[in-house]
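Q: After the sequence you'll find the predicted model.
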Amino acid sequence: MAAADDARVPLPTQWAIYGIGGFSTTMHFMAMTIVPLWVVKLDLSPLWLGIVLGCRPLLPLFLSIHVGVMLDRAGAKRVMLFFAVLGMVAPLLYPFMPWVWAIILAQLIWGLADNTSWIGAQALVGKLMKGRTHYAGRLSFTSRIANVLGPPLVGTAWDLLGPTGAFLLCTVWGVGGLISVLLLPDMPAASPVRTTGEEPGAAPVKGGFRALLPDVTDYLDAFRLAALPTVAITLAIGMMTHVGGNIQGTFYIVWLNEVGIPGTLIGLLISIANLAAGFGSLLAAPLIRVFRAYWLLWFVVWSGIVLICITPLLGTFVVFAIVLALRSLLSGVHQPLVISLMLKTCGGDAHGRAIGLRATANRITSIGAPILMGAIAEAIGIEASFYVMGVVASAGMIAIAWWMTRHPEIHRAARDV
């Protein structure tokens, strides 16, 4: 089956999609390396630190569903070209506008740009690669391996060239994402004319500029997907993995800085994490032949949360690296699983909407987790905030496990991923 699928998806198309995923997610991890270091220079309180670092997913929270609809309706290549250019420009705002409000603006723009490119890469796995787990695993693997190079490069640039050199390197890196989008095959856009209802004779809604604006109906259609237990449970587990992921992307970096880990080694840690996650992505397809997909997904996500929340107990760079590598290996298993489960259970005409819905749900925890952790850190200290977040997230995972036992039919729906 895999060989037949590969024959139907030309290699240039595969590598274009993998390139988009690789360059867009690497931009995220490069930002994860240097933006906390840049923000620390502003001497903000822990709460403000959490707000500035946590605002990056704010625009994706509100616009991911619309972006997914636009990928379905206006054509993925056209939409992704715009955001590839935007992602190249955004890093330049940081060193030349060193004020809190300007950094928040840059976080919003850059977060939307790399999030849109990643949504597009996932949606294309459904549109052009039939949503198979081995394709999603390859996308995750190539994106993770690309991330091995980016963080240590930008960390070294920070140490040798300062903030300006590090952010300029991010802009240069964005050129690769633009080239990958240009290599995509032309995909015709869907008709800009649709009806507001299913009944015959419903009034048409015209295309043009109005079709580019968010539409409440599109959001309602996307949220209706969550009525399916398969989609809803996948969304919930995916949201929980972003609790751990955003602790790793914010206060984890701050903690490393506080215990004296320099920028180059912080970048190396992120590189190690992505290398381990890349190999974890390749394990997803073999593991679902042995374990039920949803229980496997639940286990790797919960384990990853526990491993990031014990960070203050770790004392040396070597121990940091070992624990982060194990956590990231588990996270690598999670990513292709959640992509395939969303794409295969949502229906073939809603890939963009489904991935947009997933991104929206993820952004809720991406925004809330750093702000909540910042508030906890302000009250009882950064070290204790790791432990409190671990307890809260574990309680959430136990609730999801109970929910899964109430819907055994989800396991039948997941057999074809």
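A: Received, thanks.
Q: now the helices for the stretch 151-300 of the chain?
A: Listed in chain order, the helices of the stretch 151-300 of the chain (DSSP state H, counting those that start in this stretch) span 216-224, 229-249, 251-258, 263-287, 293-309.
Q: Quick check, pLDDT for A414.
A: A414 carries a pLDDT value of 60.
Q: Export the helices of the stretch 151-300 of the chain to TSV and append columns for mean neighbour count.
A: Quick note: C-beta positions are derived from backbone N, CA and C, even for glycine. Compiled in TSV, these are given as follows (neighbours: other CB atoms under 10 Å):
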stretch	mean neighbour count
helix 216-224	15
helix 229-249	23
helix 251-258	20
helix 263-287	22
helix 293-309	22
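Q: if we compare those, which one ends up closest to P60?
A: Among the helices of the stretch 151-300 of the chain, the nearest to P60 by CB to CB is helix 229-249 (11.4 Å).
Q: could you give the angle of the closest one to helix 263-287?
A: 160 degrees (axes from the mean of the first three to the mean of the last three CA atoms, to 10 degrees).
Q: Just the CA coordinates for helix 229-249, please, in CSV.
A: Only the C-alpha atoms of helix 229-249 are listed here, as CSV (Å, rounded to 0.1, in the frame of the first residue of the first chain):
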residue,chain,number,x,y,z
PRO,A,229,-16.2,11.8,19.3
THR,A,230,-13.2,10.9,17.2
VAL,A,231,-12.5,14.5,16.3
ALA,A,232,-13.3,15.9,19.8
ILE,A,233,-11.0,13.4,21.6
THR,A,234,-8.2,14.0,19.2
LEU,A,235,-8.6,17.8,19.7
ALA,A,236,-8.5,17.4,23.5
ILE,A,237,-5.4,15.3,23.6
GLY,A,238,-3.7,17.6,21.1
MET,A,239,-4.5,20.6,23.3
MET,A,240,-2.9,18.9,26.2
THR,A,241,0.4,18.2,24.4
HIS,A,242,0.6,21.9,23.8
VAL,A,243,0.6,22.5,27.5
GLY,A,244,3.9,20.7,27.7
GLY,A,245,5.1,22.2,24.4
ASN,A,246,4.5,25.7,25.5
ILE,A,247,6.2,25.3,28.8
GLN,A,248,9.2,24.0,26.9
GLY,A,249,9.0,27.0,24.6
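Q: Now it: average pLDDT?
A: Per-residue scores along helix 229-249 average to 86.
Q: next one: stretch 311-325
A: 90.
Q: Need the distance between the two termini of it.
A: Stretch 311-325 stretches 13 Å from its first residue to its last (CA to CA, to the nearest Å).
Q: can you check stretch 311-322 too?
A: Span of stretch 311-322 from end to end, CA to CA: 12 Å.
Q: Make 31 the starting number, not 1.
A: Renumbered: residue one is now 31, and that last one reads stretch 341-352.
Q: For N177, give me its contacts.
A: Neighbour list for N177: G52, T55, T56, F59, I300, S301, N304, A307, G308 [criterion: CB atoms under 8 Å, 6 or more residues apart in numbering].
Q: Just say helix, strand or coil for the residue lying closest to the fourth one once chain neighbours are set aside.
A: So that's F59. Of all residues not flanking F59 in the chain, N177 sits nearest, at 4.8 Å (CB to CB, 6 or more residues apart in numbering). Classification of N177 using DSSP: H, G, I helix; E, B strand; the rest coil returns helix.
Q: which residues in the stretch 31-180 of the chain form helices?
A: When assigned using DSSP H, counting those that start in this stretch, the helices of the stretch 31-180 of the chain occupy the ranges 32-38, 41-70, 76-84, 88-103, 106-119, 123-126, 130-159, 163-212.
Q: and the longest one, how far out from the chain's middle?
A: Right, helix 163-212. Between the centre of helix 163-212 and the centre of its host chain there is 14 Å, according to CA atoms, centre = their mean, to the nearest Å.
Q: Check the fifth one too.
A: Between the mean C-alpha point of helix 106-119 and the mean C-alpha point of its chain there is a distance of 17 Å (CA atoms, centre = their mean).
Q: Can you list the neighbours in contact with that helix?
A: Residues from elsewhere that reach helix 106-119 (CB under 8 Å, 6+ apart): 50, 54, 57, 97, 100-101, 139-140, 142-144, 146-147, 150, 153-154, 157, 201, 204-205, 207-208, 211-212, 214-217, 219, 382.
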